[in-house]
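S.K.: here's my sequence, what's the structure:
(2 chains)
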Amino acid sequence: MAERFLMKGNEALAEAAIQAGCRHFFGYPITPQTELAAYMSKKMPKIGGTYLQAESEIAAANMVLGASAAGVRAMTSSSSPGISLKTEAISYMAGSDVPALIINVQRGGPGLGGIQPSQADYWQATRALGHGDFHILVFAPATVQEMVNLVSTAFDLGDKYRMPAMILADGMLGQMMEPVELPEATETQAAPKTWAVDGHEFKRERNVVNSLYLTPNDLESRVKARFERYENIKQTEQRAEEYLTDDADIVVVAYGASARVAHSAVDLARAQGIKAGMVRPITLWPFPTNIVQKVAKTAKQFLCVEMSMGQMIDDVKLSINCSKPVNFYGRTGGIIPTPAEICEEIKILEGAK
Amino acid sequence: MAIVFDRPKSLLDVTLSYCPGCTHGIVHRLVAEVMDELDIQGKTVGVAPVGCAVMAYDFFACDMIQAPHGRAPAVATGIKRAKPDNIVFTYQGDGDLAAIGTAETIHAATRGENITIIFINNAIYGMTGGQMAPTTLPNQVTQTTPYGRDVDSAGYPIRVCELLSTLDGVALAQRVSVDSVKNVNLAKKAIKKGFQNQIDKKGFSIIEVVSTCPTNWGLTPVEAVKWLQENMLPYYPLGVYKDGEKGDRLK
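M.R.: Residues are numbered from 1 along each chain as shown, chains lettered A, B, ... in the order given. Reported below is the predicted structural model:
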């Protein structure tokens, strides 16, 4: 068995990125992701990597655009208000088919919001991370170990599909400590980045990384080609975990930190004789529509649990075309719901059926 | 018959998108000549801005990337940090570099980022049709200063080379123009030094080229050069504001 370490989520994300071959980190301080950048600043100089504290989140994300376009694995991390500033560069990355890893350790919003854990950036991550027609890959870990595992997945799939990938964590996962096994150091498995701008040396045609297409037909065909790729990703990359869904009447849908709490709530409900289960989306884009649809064949109703006013619930409803009731329970502003609160909601739904 | 004057190899054989009389074309040629003379086309990555030069990625024969508005120095930083053996330059206008990209410019400079910036100062936003730029002169009429730039409300122009020359990360800050044969030659020497500094790892180099915009100034190309000489050059004196290597303090 591989050695286990007790690591804070933020530091585990950083170490996992290094293990995945990332040697270029561009950041800007913000709570509650700060330990990630601090870890990078300590480690990168010792392994010949780059840690650069940029003048702003905007600049940091654009440095990632440049480094990724030059063909290396590059990343940035931030928390909600900082992610808003990175959206400009992320839109350009999407528009010029440049991969990169962006980590969002979410805090409460809108505005400066708070610094406690939150899941209120779901819409931003899955719908509107910048202007224009595009998607990014979004992964939602629920444990420190899963954060570690998904970092290399995010890099690999970002490279494979030439698109930005996000780890959507939150302040709770970033700040908590759990034992983790670190994967063996991997080099990129992706095909050589023949599109990168790193000097043609007269050995190939010159490369251009660009998102500007002034002829509408050109732009439309670029966007359509990208959406064909997205369609393929939707079919092949959906991930979710099911828990006690086989005979469940009430299926909780929750991701990340709230899924940890909901898991306990399902156990509490089962102990009281209620047939509860859970679907935990691991990919938020693509949303695990197929699994939710499958579960909807036997479930009587759904309960979406989020640390927001209800954002992922839209995707649950869309996945099943509202064929079953989809209820909501959420806390926001930095409050983590308790298992008892969620169990109480499950009991209310059980009683109302 | 022997060819004595030809297109530089680093400039593609395409029609440039610039207006007649605009000095972008001359500056493009100078940058391309320097790339040829230093034999660096194969390892150079150029960063195109947002503005009139946005399509520079279609004109230079090296690898090119198009950056978000004002972010070219940050994008260039990322490329250079990822691939330190590449030669990385940005080509930016005054709105891009001295308004929306001020932070990126100043911080790339103060980090002593080993890149070369070609800065076109024509005192106006060209691409969007002639609005006030950070370098628009006091009382200069533009689409958004129809009564002339009123410094009480719109503030004063930024002198970029003077500003950047105070930063220890800067190796070269030089202002040139291409309004005469003599100045074209001086501009080329400055651009060449800017690239040579990068090869020698001396730090951040910026060459500001005081330029014309006949279309948006509402002048003929000949009148525009005269306007530049009479109005721009007194406000933006040509010269070397810093020349050395990073770590040097301005004396």
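
S.K.: which residue ranges of chain B form strands?
M.R.: In chain B, strands defined by DSSP state E lie at B:44-48, B:63-66, B:87-93, B:116-121, B:170-177, B:204-210, B:239-243, listed in chain order.

S.K.: touching chain A at all, the fourth one?
M.R.: In this case it means strand B:116-121. No. Using Cβ under 8 Å from any Cβ of the partner chain as the criterion, no contacts between strand B:116-121 and chain A are found, and the smallest distance is 14.0 Å. Quick note: C-beta positions are derived from backbone N, CA and C, even for glycine.

S.K.: for residue A:143, what are its contacts?
M.R.: Residue A:143 makes contact with A:173, A:178, A:260 under the criterion Cβ atoms under 8 Å, 6 or more residues apart in numbering or on different chains.

S.K.: excluding chain neighbours, give the residue nearest to residue A:142 in space.
M.R.: If the residues on either side of it in the chain are set aside, residue A:142 comes closest to residue A:259, at 4.9 Å by Cβ to Cβ, 6 or more residues apart in numbering or on different chains.

S.K.: return the distance of that neighbour relative to residue A:106.
M.R.: Residue A:259 sits 14 Å away from residue A:106, taking Cβ to Cβ, to the nearest Å as the criterion.

S.K.: check residue B:165 too.
M.R.: In this view, residue B:165 and residue A:106 are 43 Å apart by Cβ to Cβ.

S.K.: pLDDT score for the residue in the stretch 1-150 of chain B positioned nearest to chain A?
M.R.: For the stretch 1-150 of chain B, the nearest residue to chain A under the criterion Cβ to the nearest Cβ is residue B:78, separated by 2.5 Å. In the prediction, the pLDDT value recorded for residue B:78 is 98.

S.K.: I'd say it and residue A:50 touch.
M.R.: No. Under the criterion of Cβ atoms under 8 Å, residue B:78 makes no contact with residue A:50, lying 9.1 Å away.

S.K.: which one's more surrounded, these two?
M.R.: For residue B:78 versus residue A:50, neighbours defined as other Cβ atoms under 10 Å in any protein chain shown are more numerous around residue B:78 (36 against 22).

S.K.: so what's the nearest residue to residue B:133 once chain neighbours are set aside up against?
M.R.: If the residues on either side of it in the chain are set aside, residue B:133 comes closest to residue B:94, at 4.5 Å by Cβ to Cβ, 6+ apart. The contact partners of residue B:94, by Cβ under 8 Å, 6+ apart, come to B:119, B:120, B:121, B:122, B:123, B:124, B:125, B:133, B:134, B:135.

S.K.: just confirm the last one contacts residue B:121, I think it does.
M.R.: So that's residue B:135. Yes. With contact defined as Cβ under 8 Å, residue B:135 and residue B:121 form a contacting pair (5.1 Å).

S.K.: give the residues shared as contacts by these two.
M.R.: Shared contacts of residue B:135 and residue B:121, defined by Cβ under 8 Å, 6+ apart, are found at B:94, B:98, B:160, B:236.

S.K.: hang on, the earlier thing: and the residue nearest to residue A:142, helix, strand or coil?
M.R.: Assigned with DSSP: H, G, I helix; E, B strand; the rest coil, residue A:259 falls in the helix class.

S.K.: ok, now how distant is it from residue B:223?
M.R.: According to Cβ to Cβ, residue A:259 stands 69 Å off from residue B:223.

S.K.: who has more neighbours out of residue B:165 and residue A:106?
M.R.: The neighbour count for residue B:165 versus residue A:106, taken as other Cβ under 10 Å, is higher for residue A:106 (33 against 19).

S.K.: so which strand or helix has that one?
M.R.: Secondary-structure assignment from DSSP states H and E places residue A:106 in strand A:100-106.

S.K.: report the beta-bridge partners for the spatially most central residue of chain B.
M.R.: Centrality entry for chain B: nearest residue to the mean C-alpha point is residue B:119, 1.6 Å, by Cα atoms, centre = their mean. Per DSSP bridges, residues listed as beta-bridge partners of residue B:119: residue B:92, residue B:208.

S.K.: nearest residue to the residue of chain A found nearest chain B in space, please, no chain neighbours.
M.R.: When distances are taken as Cβ to the nearest Cβ, chain A approaches chain B most closely through residue A:66, which lies 2.5 Å from it. Nearest in space to residue A:66, with sequence neighbours left out and distances taken as Cβ to Cβ, 6+ apart, is residue B:78 at 2.5 Å.

S.K.: list the contacts of that neighbour.
M.R.: Applying Cβ under 8 Å, 6+ apart as the definition, the contact partners of residue B:78 turn out to be A:24, A:26, A:62, A:63, A:64, A:65, A:66, A:67, A:68, A:69, A:70, A:74.

S.K.: how distant is the longest helix along chain A from the center of its chain?
M.R.: The helix of greatest length in chain A, counted in residues with DSSP state H as the criterion, is given as helix A:216-236. Put simply, helix A:216-236 sits 21 Å off its chain's centre (Cα atoms, centre = their mean, to the nearest Å).

S.K.: pLDDT on the helix or strand just after it, on average?
M.R.: Beyond helix A:216-236 in the direction of the C-terminus, DSSP H and E gives the next helix or strand as strand A:240-243. Averaging pLDDT along strand A:240-243 gives 98.
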